[in-house]
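Peer 1: Based on what follows, work out the 3D shape:
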Amino acid sequence: MKIQLFTVWLLPLIVLGGMFFPPLGYLVFFMMLFFLPFSYFRGRQWCGKICPRGAFLDILLSRLSGKAKVPGFMHKNWFKLTVFCSFMIFFISQFVVSEKNFNSFGFVFVRMCLLSTLVAVTLGIPFHQRTWCVFCPMGFLQSKIRALNKRK
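Peer 2: I've put the predicted structure just below:
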């Protein structure tokens, strides 16, 4: 929980600060680059302990959340894969249509962070605050990377 008190500030820094200073979006890229390899050994440890959005959902959104049960279909692999693929297509398309410079690439990460945070808040109010975490593309990818280690 103590680490969440630190990481919770990264979300508004990236989402709000990135609107005015797009290179802050690269923080998302570096967090992904740094933590994805660890998921091979530690699984979704990032999700439960370090993720800035998870910290935001636990610390702030939990006060507004209805905490209703997450709909069952959101736990299904087909749904997680659909969300993952949709986000990757949107993510890649944002790079394709961007202006191809440092700031516009940074803003792609800011935009993705903003979009996923809006979805997380929208679902976290009527349902459990961490509904987004059930099918988060980063968490989905981490679980698939971890599964590679379990096959040995």
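
Peer 1: going forward, measure contacts between C-alpha atoms and count neighbours the same way
Peer 2: Noted.

Peer 1: separation between T122 and S86?
Peer 2: Counting by C-alpha to C-alpha, to the nearest Å, the separation of T122 from S86 is 18 Å.

Peer 1: so what's K152 scoring on pLDDT?
Peer 2: Turning to K152, the model gives it a pLDDT of 56.

Peer 1: Also I3?
Peer 2: pLDDT at I3 comes out at 89.

Peer 1: Roughly how far does it sit from K49?
Peer 2: I3 is 7 Å from K49, by C-alpha to C-alpha.

Peer 1: These two: which is more packed in?
Peer 2: K49 (15 against 12; other C-alpha atoms under 10 Å).

Peer 1: any weak-confidence spans in this protein?
Peer 2: 1, 151-152 (pLDDT under 70).

Peer 1: for the longest helix anywhere in it, packing partners?
Peer 2: When the chain is parsed with DSSP state H, its longest helix is helix 102-124. On a contact count with 3 or more C-alpha pairs under 8 Å, 6 or more residues apart in numbering; DSSP states H and E, helix 102-124 meets helix 18-20, helix 26-35, helix 52-59, helix 77-97, helix 131-135.

Peer 1: to the chain's geometric centre, what's the distance from it?
Peer 2: Distance of helix 102-124 from the chain centroid (C-alpha atoms, centre = their mean, to the nearest Å) equals 9 Å.

Peer 1: And it, what's buried?
Peer 2: Neighbour counts over helix 102-124 (16 or more other C-alpha atoms under 10 Å) mark 103-114, 116-117, 120-121, 123-124 as buried.
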